[in-house]
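> My questions concern the predicted model and sequence given below.
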Amino acid sequence: MKATVRPYRPEDRDAVRRICFLTGYMGDPADWYWRDERSFADVWSSYYTDAEPESLFVADADGRVVGYLLGCVDSGRAWNPVRIGARHAVGRLCLFRPGTAGFLWRTILDVALGRLLRRPAMEGSFSDPRWPSHLHINLLPEARGSGAGRALMTAWLDRLRAVGSPGCHVETLAENGRAIAFFKAMGFERHGEPRLVPGERSREGGRLHGQVLVQPLVRQRTQPEGVPAPMLERGT
């Protein structure tokens, strides 16, 4: 498959939301643990499509969107996905619906037990001024291995360098070896140890862990000995 990377357009919104749901569990559909597509897409894609569309890129194959990169230049501006989920949990009764209730109640119990036992967990979004930007990237199965993922990432990193972002981070599951390998190939490195993700389970019922990876987009110039404050320049 030959896909072209281009900027997001408003008419791509439905396709992005659909792909979000179809790839929501390590590239596979999320329906086995979260059956409500509307709330899932709102949690993971609505900020990007509705508030920062200029930071989105899609992979287009003959007029059909087959993948996306959802970007955020300043993560401090992004909507809190936990709050979005909470609105759906109460307002649309996802807390009591078959197909969503189990995940939500398990998340609540995991958080409570983790705090009681003082177990480190990934409860909120990563925040560090060295890597203020972040992204989500997903491709439909037929677009994988075509180079579309690398092209999407290249377009995004070029945008970040153009706007002067000092660095970018991404959060994924430590158990998602394919994603970890891809991000490393694109210049990201692991940051910190994997931490338990409340509510998340494998298909076999095992606990899952979140892993942060980072990439600086500036580098220090080599300075003569005795110069106290090195200047920064954009990386290549």
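Received the coordinates, thanks.

> From the centroid of this structure, which residue is nearest?
Taking CA atoms, centre = their mean, the centroid of the chain lies closest to residue 136, which sits 3.2 Å from it.

> where do the strands sit along this structure?
In the chain, the strands defined using DSSP state E lie at 4-7, 56-61, 64-72, 133-139, 167-173, 189-201, 207-216, 218-220, 232-234.

> can I get those strands in TSV with distance to residue 97?
For glycine as for every other residue, the C-beta is placed from the backbone atoms N, C-alpha and C. Output for the strands of the chain, formatted as TSV (distance: least, CB to CB, whole Å):
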stretch	distance to residue 97
strand 4-7	36
strand 56-61	30
strand 64-72	26
strand 133-139	24
strand 167-173	24
strand 189-201	15
strand 207-216	22
strand 218-220	46
strand 232-234	48
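
> closest to residue 152 out of those?
strand 64-72 (4.1 Å; CB to CB).

> Sheet-wise, list the partners of the closest one with their directions.
For strand 64-72, sheet partners with direction are given as strand 56-61 (antiparallel), strand 133-139 (antiparallel), following DSSP bridges.

> could you redo the ones you listed as a markdown table and give each row mean pLDDT and distance to residue 157?
Listed next are those as a markdown table, based on pLDDT from 0 to 100; distance: least, CB to CB, whole Å:
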| stretch | mean pLDDT | distance to residue 157 |
| --- | --- | --- |
| strand 56-61 | 98 | 11 |
| strand 133-139 | 98 | 9 |
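
> Need those in a markdown table (columns: distance to residue 122).
Output for the strands paired with strand 64-72, formatted as a markdown table (distance: least, CB to CB, whole Å):
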| stretch | distance to residue 122 |
| --- | --- |
| strand 56-61 | 24 |
| strand 133-139 | 14 |
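
> Of all those strands, which one is nearest residue 90?
Evaluated with CB to CB, the strands paired with strand 64-72 place strand 133-139 nearest to residue 90, the distance being 24.8 Å.

> what comes into contact with the closest one?
For strand 133-139, contacts defined as CB atoms under 8 Å, 6 or more residues apart in numbering pick out 19-20, 23, 27, 44-45, 48, 59, 66-75, 78, 125-126, 148-149, 152-153, 156, 160, 165, 167-171.
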